[in-house]
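Student: Just need the structure, nothing else, for what follows:
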Amino acid sequence: MALGSNQVTRAVANNFIPELWSDEVIGAYKSNLVVANLVTKLSHKGKKGDTIYIPVPARGDASIKAANTQVTLSAATNTAITVNIATHYEYSKLIEDIAEVQALASMRKFYTDDAGYALAKRVDTDLLALSEGLQGGTVGGTGAASYENAVIGSNGSTAYTGNSSNAAAIADAGIRKMLLTLDDADVPMDNRCMVIPPTASSSLLGISRFTEQQFIGDGAAIKTGKIGNIYGVDIYVSTNCPTASGNSDTDRVGVLMHKDAFVLAEQVGVRSQTQYKQEYLGDLFTSDTIYGVAELRNDAGVAFVVPGT
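Tutor: Model (predicted):
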């Protein structure tokens, strides 16, 4: 079977140690993940089946317990979320004349970083695409139906209209309104975060509560993509934020959410394998991952739309 012309030849890489690739790819993958580190994660590694059913109990009420009376049983109103583990991505390179290459670690590091980045980008992109379904929306809408249940960034309450585009820059009032939306839905205060596209960063710098030191802490980037904190919510920048249909498909989408908004189920984490291909006198190196993503709690997040430029 032909493998194309994208192989790495001896002229390109004079050193290659395949045993070191696996750990380096995993490290690069983890360091490039943003959204996947902010959602609920389930490990399905080593288990059979391609579907997971996750019970999502409705919030119950506590009952008064009178002396010498039986306890009051809460109504069983659980629903179940289905996660189809059917997404399989791979990154492959053919390394020729492997027997003669042993020392060029910089070349190996380039490819392992690239593999980790490519796989992490796919996972984060798939998770962020779910934001269109928050607050009762429908994923995959176009035109006027694109992010129809999202709000605009300036006030956090006006519905976004994709066919005419009323996207507006993120503002303090918009953040406070979106936080109120989560509060009204009894979304827990902890484990909240906001993911914004790069174009929204400059708008945040115009919000005094974001730039004042007492609101952003010591300014250290604790996690990948984190740029600060406002109202107790960590803010992350991701180039994988989706586009909405307005302004010729250039409007960008951000999301304010709790970790229970989405779930990531991994059946195969990042794995790396090599196989010698005699017909090419080289090793075929492949890194891949198998996973599934799904919305977990519809009211645990709010999608908002800002201009793309």
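
Student: For Thr87, the count of nearby residues, please.
Tutor: A count of neighbours around Thr87, defined by other CB atoms under 10 Å, yields 15. Placement of C-beta: from N, CA and C, glycine included.

Student: May I ask which helix or strand of this protein has the lowest mean pLDDT?
Tutor: The weakest-scoring helix or strand in the chain, judged by mean pLDDT, DSSP states H and E, is helix 213-216 (a mean of 48).

Student: for this structure, what spans make up the helices?
Tutor: Counting by DSSP state H, the chain has these helices, from start to end: 21-32, 105-129, 172-184, 201-204, 208-211, 213-216, 246-249.

Student: So for Pro55, which of the ones you listed sits nearest?
Tutor: If you check each of the helices of the chain against Pro55 by CB to CB, helix 105-129 wins as the nearest, at 20.9 Å.

Student: how about the closest one: buried residues?
Tutor: 107-108, 111-113, 115-129 (16 or more other CB atoms under 10 Å).

Student: ok, now stretch 301-309?
Tutor: Residues of stretch 301-309 classed as buried: Gly301, Val302, Ala303, Phe304, Val305, Val306, Pro307, Gly308 (neighbour count, 16+ other CB under 10 Å).

Student: mind listing which of the residues you listed are in strands?
Tutor: Taking DSSP state E, the ones among the buried residues of stretch 301-309 that sit in strands are Gly301, Val302, Ala303, Phe304, Val305, Val306.

Student: Could you dump those residues into a markdown table and include pLDDT and distance to Ser31?
Tutor: Formatted as a markdown table, these follow (pLDDT from 0 to 100; distance: CB to CB, whole Å):
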| residue | pLDDT | distance to Ser31 |
| --- | --- | --- |
| Gly301 | 97 | 25 |
| Val302 | 98 | 28 |
| Ala303 | 97 | 26 |
| Phe304 | 97 | 27 |
| Val305 | 96 | 29 |
| Val306 | 95 | 27 |
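
Student: And the strands in this protein, which stretches?
Tutor: Applying DSSP E to the chain gives strands spanning 40-43, 51-56, 79-84, 87-96, 151-152, 192-196, 226-230, 233-237, 243-244, 251-258, 262-277, 282-295, 301-306.

Student: just to revisit the earlier point, out of the ones in strands among the buried residues of stretch 301-309, give me the two with the largest separation.
Tutor: Distances among these were taken as CB to CB; the most separated pair is Gly301 and Val306, at 16.0 Å.

Student: Comparing the strands of the chain, which comes out most buried?
Tutor: strand 301-306 (a mean of 28; mean count of other CB atoms under 10 Å).

Student: tell me which strands and helices it is in contact with?
Tutor: The elements that strand 301-306 packs onto, with contact taken as 3 or more CB pairs under 8 Å, 6 or more residues apart in numbering; DSSP states H and E, are strand 151-152, helix 172-184, strand 251-258.

Student: Direction included, what does it pair up with?
Tutor: In the sheet, strand 301-306 lines up against strand 151-152 (parallel), strand 251-258 (antiparallel) (DSSP bridges).

Student: Now do the last one against strand 192-196: the angle between them, please.
Tutor: Orientation of strand 251-258 against strand 192-196 (axes from the mean of the first three to the mean of the last three CA atoms, to 10 degrees) gives an angle of 170 degrees.
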